[in-house]
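J.: Quick one, fold the following:
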Amino acid sequence: MLVLLFIYAVAISTSPATAFSPKSLLGKSDSTASEADFSNGTDIKARQPLLKATDWFLTEQEITDSRGGIPRTDLAVYTTGNAVTSFTATKEFYDSVYDDLSTTKEGDRVLLSAYATAPVPLKPDIDPTGAKTGVDKVFSDVVKRGGNVNILNWQNLKYRSFNLKARDAINAIPASPINGAKAVLLFDDRLPTIVSSYHQKTMIIVADNASKSEDQPVAYVGGLDLANDRWDTIYHNNSAIRDASGITFKFQGWIDGHIRIHGPAAKDVANNFIPRWNSDYLPSQSIKDNLLDFENPPYEHIPQLNYVSSNTTGDLGKQSIQITRTFSCKYKHYKEFAPRGENSLFHARIKAIKNAKNFIYIEDQYFIYVPELMAAIMEVMPKIQRLVVVANPQTSAFSNAGYIKYLYEMVSPLREKYPNKFKMYTVKADLDLIVHTKVVIIDDVY
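T.: Numbering: from 1, shown residues only. As a prediction, the model looks like this:
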């Protein structure tokens, strides 16, 4: 049984290209401590990994504890029988999204939470202008067929110009002549601090009235937005297509992870979105928002899911899934869904790492020092064969000094204690690619 935990993204790893040491940026030597363990893992026999979902996932009580003692009643503890597709290249994700959105019917609803949105083509290799596959065109077609589109987009200054273009285009889509369905994009600033961000990147396609016991929604969860820079192939050699279609923004290629879920876990993804949209505390209402042109149009609450199928079990696939989240405990306006915050994502990852029997693979945009993470890894390192980490290249001690410091504090003890078991890789800096993934794979089970 394959057990997967979808926190932000799950992906099949790309081939690492280059090993690197943050010590070279900080002027440190690579000498190892006298107590170093020089095993390369080949002397350690492979062990039977844990296979039960209950061994890996947080218990109901552990989820409650991660929420300051408030039970989580709107999402399942975990679900079974899901069908999962993972995308090893971002092009595969965009092709799948286009196919799903192109087959929506009257009464369907598309729920999108985004860090950024832009009117880019979903298939730039065959439609560089986006005349047929542009984000705004595809959503317009959803509405024309009688489907609603609801988008919660972070009030993102970094992508402000793209977000405003997307907002203006999507909110201008005419209501459906069939049933009055419409598309609404809202900017969301409901965060505890100025340096916070909404980083949930999900899309759910739900039916208006799913009356069959086998009917289940579809959800996408991962690291990708429908925005600039993201579309790429696994070979990262299509800069001409990216440039011609206006996709290129800051990078020449994009490495990420995203998955498609068909099953009861997709309901949990939807039930994460709906309370955010329906919250009584309205987003982007300040004078600052108006000055920056982040005003939102009038909008209505959206209905709860209307499925007769099970919320916890399905028969569409073999994957068991637990949805975990992060909401700040310092913000007082999450009362509908996380009144004391939630950090189940963090606790789930620590628990999973401690379950490792053979190997841990981490592909992460930010591999920085976290005491609990370090403790969990150090606890299992003597018993596992290998820890492999893929992260972004760090070539400038000036522009990335803060990040390099925390990266070094995480990497250095591992390099010194386990110089042969711990391997860290990155992509070649001159390729100008970004590793945007946030994924952990353990024992080919989790």
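
J.: On the three-state scheme, Val439 is what?
T.: Look at Val439: counting by DSSP: H, G, I helix; E, B strand; the rest coil, its state is strand.

J.: and it, how many neighbours?
T.: By other C-beta atoms under 10 Å, the residues close to Val439 number 23. To be clear about C-beta, it is placed using only N, CA and C from the backbone, and glycine gets the same treatment.

J.: which residues of the stretch 1-150 of the chain score low on pLDDT?
T.: 1-34 (pLDDT under 70).

J.: What are the boundaries of the helices in it?
T.: Counting by DSSP state H, counting those that start in this stretch, the stretch 1-150 of the chain has helices at residues 23-26, 53-56, 60-65, 90-101, 135-144.

J.: Could I get the buried residue list for the helix or strand hosting Glu416?
T.: Assigned by DSSP states H and E, Glu416 falls within helix 401-417. For helix 401-417, the neighbour count (16 or more other C-beta atoms under 10 Å) marks Tyr403, Ile404, Leu407, Tyr408, Met410, Val411, Ser412, Pro413, Leu414, Arg415, Glu416, Lys417 as buried.

J.: before we move on, back to that, pick the most buried one from the helices of the stretch 1-150 of the chain.
T.: Among the helices of the stretch 1-150 of the chain, ranked by average contacts under mean count of other C-beta atoms under 10 Å, first place goes to helix 135-144 (a mean of 22).

J.: quick one on the thing from earlier: let me have the helices of the stretch 1-150 of the chain in TSV, extended by distance to Pro119.
T.: Listed next are the helices of the stretch 1-150 of the chain as TSV, based on distance: least, C-beta to C-beta, whole Å:
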stretch	distance to Pro119
helix 23-26	38
helix 53-56	40
helix 60-65	38
helix 90-101	14
helix 135-144	5
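
J.: quick one, what contacts the closest residue to Arg349 other than its chain neighbours?
T.: Nearest residue to Arg349, sequence neighbours excluded (C-beta to C-beta, 6 or more residues apart in numbering): Val440, at 6.2 Å. Residues counted as contacts of Val440 (C-beta atoms under 8 Å, 6 or more residues apart in numbering) are Arg349, Ala352, Ile353, Ile360, Tyr361, Ile362, Tyr446.

J.: partner residues bridging Val440?
T.: Counting by DSSP bridges, Val440 is bridged to Ile362.

J.: before we move on, the earlier item: format the buried residues of helix 401-417 as TSV; extra columns: distance to Arg386.
T.: Putting these into TSV (distance: C-beta to C-beta, whole Å) gives the following:
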residue	distance to Arg386
Tyr403	25
Ile404	25
Leu407	20
Tyr408	21
Met410	17
Val411	15
Ser412	19
Pro413	17
Leu414	12
Arg415	14
Glu416	17
Lys417	14
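
J.: Figure out which of the helices of the stretch 1-150 of the chain is closest to Ala114.
T.: helix 135-144 (10.3 Å; C-beta to C-beta).

J.: Can you give the contact residues for the closest one?
T.: Contacts for helix 135-144 (C-beta under 8 Å, 6+ apart): 98, 101-102, 104, 108, 110, 117-122, 130-131, 149, 166, 169-170, 173-178, 181-183, 226.

J.: mind checking pLDDT for Tyr331?
T.: pLDDT, Tyr331: 95.

J.: which one is it nearest to, not counting chain neighbours?
T.: If the residues on either side of it in the chain are set aside, Tyr331 comes closest to Pro192, at 4.0 Å by C-beta to C-beta, 6+ apart.

J.: you'd agree that neighbour is in a strand?
T.: No: counting by three-state DSSP, Pro192 falls outside a strand, being coil.

J.: State the pLDDT value of it.
T.: Here, the pLDDT recorded for Pro192 equals 92.

J.: What count of nearby residues applies to it?
T.: Close neighbours of Pro192, defined as other C-beta under 10 Å, add up to 15.

J.: Next: the one 4 residues further on.
T.: Here the number of neighbours of Ser196 (other C-beta under 10 Å) works out to 14.
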